[in-house]
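*Asks:* Take this sequence and fold it.
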Amino acid sequence: MKTHKALAYFLLLQLHGSLLAEQKERSPNIVILMADDLGYNDLSAYGHPKIKTPVLDQLAREGVKLTSFYAGATVCTPSRMALLTGAYPARLGWSKGVIGHIMKKGQGLSPDALTMPEIFKAAGYRTAMFGKWHLGDEPPLRPHQQGFETTFYLNKSNNQTKELWRDDEVIENPFTNRLLSERFTNEAIKFIESNRDHPFFLYLPHTAPHFPLEAHPDWKGKSKFGVFGDVVEELDHRIGQLLNALKNAELEKNTIVVFLSDNGPEPLTRVSRADPFRGKKWSALEGGTRVPCIIRHPGLIPPDWESAALISAIDLLPSLAHACGIDLQQHSQGNPIIDGLNVWPTLQDDKEAPHPRQDLLYWHGADGFQAIRKGSWKLFPNRRHAGLKGSGPALFNLEKDLQEKLDVSMEHPVKVAALKKLAELRLSEIEKNKIALGETK
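*Replies:* As a prediction, this is how the structure comes out:
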């Protein structure tokens, strides 16, 4: 009898050891949380004096806070294209506008474009998207046709539609705008709980704090910054609920969490701030595209530190793929060519690894390319795009002039010529190697 018990105990230990090894070797989950039109200064972690965001403040203490992070573009649609493909939006056929405004009806992200969820799905991940899509209304352009197995979404911004979708079906019309953050979060939590034993890729692009601003009944009047503050503070709370769900499912340590905004603050939402930068959404000035970004991966990304390295949303695809052991060469067929770079060593504060991103192109939401940055230098070939009078270029040293008010192009003609040449080189290569927008008739 004792022999049988000893054998059973030995087998139990073996099973326990194998389960621990499997858990240790399991690829990390990915959670991407995106706010809509949240400015650089709209979180207490990024200096807002009245809006309190304790959850995101804590997330920053547990990971890395990026201070030179750029969204993929200055407006919704191209920003999301860039995030999900790792490519500049111009490489995907985009030139101006968003779906439902300026862009033609029936256009969107091409079904031929390889997306992040498609890559992770092919690597064995379960994929889900809850929130704002804004990459195409027609059936071939919807999220479940672009790699997401589970969907619950608005096909456009919350000021452009009243329909709430699941796959190809409208499940609610009209939806209740003030309840969207809660509902998207609840769907995400259910997904986490039902996939705790399987690696997953979860994309949660919130509609908050995009206008129309309507506070949840439980949050109305709670902040010290009006309805905008109410909406942002509720968003912070919902993110806390999702992070608690990861913790309760014992997935916290094996999940990479990314928080970012899709672009700078909406000009019509005057209280939303991009301080200390000039410019808002649509603009190629810093305030239109430099946004908050916090990334946490316990044990692999050092806690409580800041990085001022130049990083873009297009860098997330190659960086997260690397962190999860996914070889992009096995998946990507150059459709589109990935402009993003693997910045994972930078996020891990690996001081021996050189930071790969040295330059970045800027896109105006209604006018395409307008500026380029290399190091701390930023060039507008047309100074009027920087809001300055006269003709010729405008050159700014962002290390000394965050508000882009002191044009030093006359003092640095060699720098102007070099940046102009680099921009032309980058744009020429994109023009030769781009794909068409998705388009249905």
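
*Asks:* buried sites along stretch 27-44?
*Replies:* Buried residues in stretch 27-44, counting neighbours by 16 or more other CB atoms under 10 Å, are found at 27-44. For every residue, glycine as well, the C-beta is placed using N, CA and C.

*Asks:* now stretch 108-127
*Replies:* By neighbour count on 16+ other CB under 10 Å, the buried set for stretch 108-127 is 108-110, 113-121, 123, 125-127.

*Asks:* Can you tell me which of the residues you listed end up in strands?
*Replies:* Using DSSP state E, the members of the buried residues of stretch 108-127 that fall within strands are Gly108, Arg126, Thr127.

*Asks:* Out of those residues, which is nearest to Asn244?
*Replies:* Asn244 has its nearest neighbour among those in Arg126, at 20.6 Å by CB to CB.

*Asks:* what secondary structure does the residue nearest in space to the middle of the chain sit in?
*Replies:* Closest to where the C-alpha atoms of the chain average out (CA atoms, centre = their mean) is Leu260, at 4.9 Å. Here Leu260 is recorded as strand under DSSP: H, G, I helix; E, B strand; the rest coil.

*Asks:* per-residue confidence for it?
*Replies:* What the model reports as pLDDT for Leu260 is 98.

*Asks:* Next: Lys5.
*Replies:* We have a pLDDT of 36 for Lys5.

*Asks:* what about the residue nearest to His198 when sequence neighbours are not counted, distance to Asp168?
*Replies:* Using CB to CB, 6 or more residues apart in numbering and skipping residues adjacent in sequence, the residue nearest His198 is Arg126, 5.5 Å away. Using CB to CB, to the nearest Å, one gets 20 Å for the distance from Arg126 to Asp168.

*Asks:* helix or strand for Ser319, which one?
*Replies:* helix 316-323 (DSSP states H and E).

*Asks:* scratch that, Ile430
*Replies:* helix 413-432.

*Asks:* Which neighbouring elements make contact with that helix?
*Replies:* Helices and strands touching helix 413-432, by 3 or more CB pairs under 8 Å, 6 or more residues apart in numbering; DSSP states H and E, are strand 359-364, strand 368-374, strand 377-380, strand 394-397.

*Asks:* returning to that earlier point: mind saving the C-alpha coords of the helix or strand immediately after the helix holding Ser319 in the chain as CSV?
*Replies:* Sequence order places helix 328-331 as the next helix or strand after helix 316-323, per DSSP H and E. Provided in CSV are the C-alpha atoms of helix 328-331 (Å, rounded to 0.1, in the frame of the first residue of the first chain):
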residue,chain,number,x,y,z
LEU,A,328,8.2,37.5,-38.5
GLN,A,329,10.2,36.1,-41.5
GLN,A,330,8.0,33.0,-41.4
HIS,A,331,4.8,35.0,-41.6
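
*Asks:* What's the mean pLDDT across helix 328-331?
*Replies:* For helix 328-331, the mean pLDDT works out to 84.

*Asks:* remind me which residues of the stretch 51-200 of the chain are low pLDDT?
*Replies:* In the predicted model, the stretch 51-200 of the chain carries no residue with pLDDT under 70.

*Asks:* Could you pull out the helices in it for me?
*Replies:* Using DSSP state H, counting those that start in this stretch, the helices of the stretch 51-200 of the chain run over residues 54-62, 76-85, 116-122, 180-194.

*Asks:* Buried residues in stretch 239-254, which are they?
*Replies:* Buried positions in stretch 239-254, judged by neighbour count with 16+ other CB under 10 Å: Ile239, Gly240, Leu242, Leu243, Ala245, Leu246, Ala249, Leu251, Glu252, Asn254.

*Asks:* Please convert the residues you listed to JSON lines, extending it with secondary structure.
*Replies:* Converted to JSON lines, the buried residues of stretch 239-254 look like this (three-state DSSP):
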{"residue": "Ile239", "secondary structure": "helix"}
{"residue": "Gly240", "secondary structure": "helix"}
{"residue": "Leu242", "secondary structure": "helix"}
{"residue": "Leu243", "secondary structure": "helix"}
{"residue": "Ala245", "secondary structure": "helix"}
{"residue": "Leu246", "secondary structure": "helix"}
{"residue": "Ala249", "secondary structure": "coil"}
{"residue": "Leu251", "secondary structure": "coil"}
{"residue": "Glu252", "secondary structure": "helix"}
{"residue": "Asn254", "secondary structure": "helix"}
